[in-house]
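Enquirer: give me the fold of what follows.
(one chain, ligands or ions: 1)
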Amino acid sequence: MPDRAKVAVLISGTGTNMAALLYASRAEDCPYELVLVASNNPEAPGLRLAEAEGVATFALPHRGMSRAGHDAAIDAALREHGAEYVALAGYMRILTPEFVARWEGRMLNIHPSLLPKYKGLHTHGQALERGDTHAGCSVHLVTAELDDGPVLGQTPVAVLPGDTPDSLAARVLIAEHQLYPRVLAAHVRRERDPLWLVAQVRERALAQPETDETTSHGMPCFGVIGGKKFAYVATNHHGDGRTALLVKISGADEQAQLIENDPRSYYRPAYFGDAWIGIRLDLGDTDWDAIERWLNRSWRSVAPKKLTRLLEAAEEF
Ligand code: GRF
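Expert: Predicted structure coming up:
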């Protein structure tokens, strides 16, 4: 399958979740592939397995290194292998806010509890002590707070009479192995789904003042109310299979420059002329802050002076 999302997995131990992600990726319709398994523990058994399965590995002991230095080295390895997403699977390291920020929205973790219950360690013992009927596991996006990001998926696992933390952990692990590949696949698919991509643009386009949405030639289109258009989203325009944002630019020179510098992301939109640029949204590595800046710039170029002046005054204030 062309264009699978590239995923790196970080492990510290056994790596059974990594193995589950790896073998799920062997399915023909799996939307991701593993490009790297990295660890802070060179002895992690998961590294041997990854190697044997032909996945690149990287090990760097953290002892003697600063946290920032270790994270930076891991980050460099991730980029070198072209990772677009990071899956933490039993990676027993607290990450620096810089590392987390670099992978915002693209780093997932699996945690053995039904979050927000029982963050941190010893989750199963706590579930038993509390007399919970169900333990379980969660996959969540990683944010700066430990085990705290938005939950993407969960599986409850029934507690059985006589369960110990170990017996419960073993059953939760089975659920983890089912949950993680499914949620990761859905997450990477979402970023290539035209409806989701249009919704991301919509949210940012309609945040510009006095703006509304219409449809033009079947494309969602954003403009100043009663005024000019500043953005279109092309979804499979003329059957090209692409999802892209079209925004205004300064003209032919800028258009040529953008395309020359990054022909993967930028293209000249057919029938729009020199004053517009097409920006691919479906490559899996869209920088949404940059898209927001493009939209704002495009909006400014068509908005009536009285609106932009108001905005500038407010910004100075
Ligand atoms: C799993 O229980 C996972 O939920 C937690 O660490 C454990 C890793 O196990 N974050 P494994 O290395 O994937 O076997």
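
Enquirer: which strand or helix spans Q257?
Expert: Secondary structure assignment for Q257, by DSSP states H and E: helix 252-261.

Enquirer: what helices or strands is that helix leaning on?
Expert: In terms of contacts (3 or more CB pairs under 8 Å, 6 or more residues apart in numbering; DSSP states H and E), helix 252-261 is packed against strand 266-267, strand 276-280. The C-beta positions use only the backbone N, C-alpha and C, and glycine is treated the same way.

Enquirer: show the average pLDDT along that helix.
Expert: In this model, helix 252-261 has an average pLDDT of 97.

Enquirer: same check, this time on stretch 185-204
Expert: Averaging pLDDT along stretch 185-204 yields 93.

Enquirer: cool, and stretch 55-65?
Expert: Confidence over stretch 55-65, taken as the mean pLDDT, stands at 95.

Enquirer: for stretch 117-132, same thing?
Expert: Stretch 117-132 carries an average pLDDT of 96.

Enquirer: distance of whichever residue of the stretch 1-150 of the chain sits closest to the ligand relative to R242?
Expert: Residue nearest to the ligand within the stretch 1-150 of the chain (CB to the nearest ligand atom): G90, separated by 2.6 Å. In this view, G90 and R242 are 37 Å apart by CB to CB, to the nearest Å.

Enquirer: those residues of the stretch 1-150 of the chain touching the ligand, which are they?
Expert: Those residues of the stretch 1-150 of the chain that sit near the ligand, judged by CB under 6 Å from any ligand atom, are 11, 13-17, 89-90, 110-112, 137.

Enquirer: inside helices: which ones of the residues you listed?
Expert: Here DSSP state H is the test, and those give 16-17 as lying in helices.

Enquirer: so which of the residues of the stretch 1-150 of the chain next to the ligand is the most crowded?
Expert: Each of these was scored for neighbours by other CB atoms under 10 Å, and I11 scores highest at 29 neighbours.

Enquirer: using CSV, write out every CA atom in the helix or strand of the chain with the lowest mean pLDDT.
Expert: Lowest mean confidence among the helices and strands of the chain (mean pLDDT, DSSP states H and E): helix 305-316, at a mean of 82. Extracted in CSV, the C-alpha atoms of helix 305-316 (Å, rounded to 0.1, in the frame of the first residue of the first chain):
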residue,chain,number,x,y,z
LYS,A,305,-9.5,47.8,5.1
LYS,A,306,-12.0,48.7,7.9
LEU,A,307,-11.8,45.1,9.2
THR,A,308,-8.0,44.7,9.0
ARG,A,309,-7.5,48.1,10.6
LEU,A,310,-9.8,47.1,13.5
LEU,A,311,-7.7,44.0,13.9
GLU,A,312,-4.4,45.8,13.8
ALA,A,313,-5.7,48.3,16.4
ALA,A,314,-6.8,45.4,18.6
GLU,A,315,-3.4,43.7,18.2
GLU,A,316,-1.5,46.9,19.2
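
Enquirer: all numbers from here: first residue = 13
Expert: Got it, first residue is 13 now, which makes that one helix 317-328.

Enquirer: identify the residues contacting that helix?
Expert: 221-222, 236, 312 (CB atoms under 8 Å, 6 or more residues apart in numbering).
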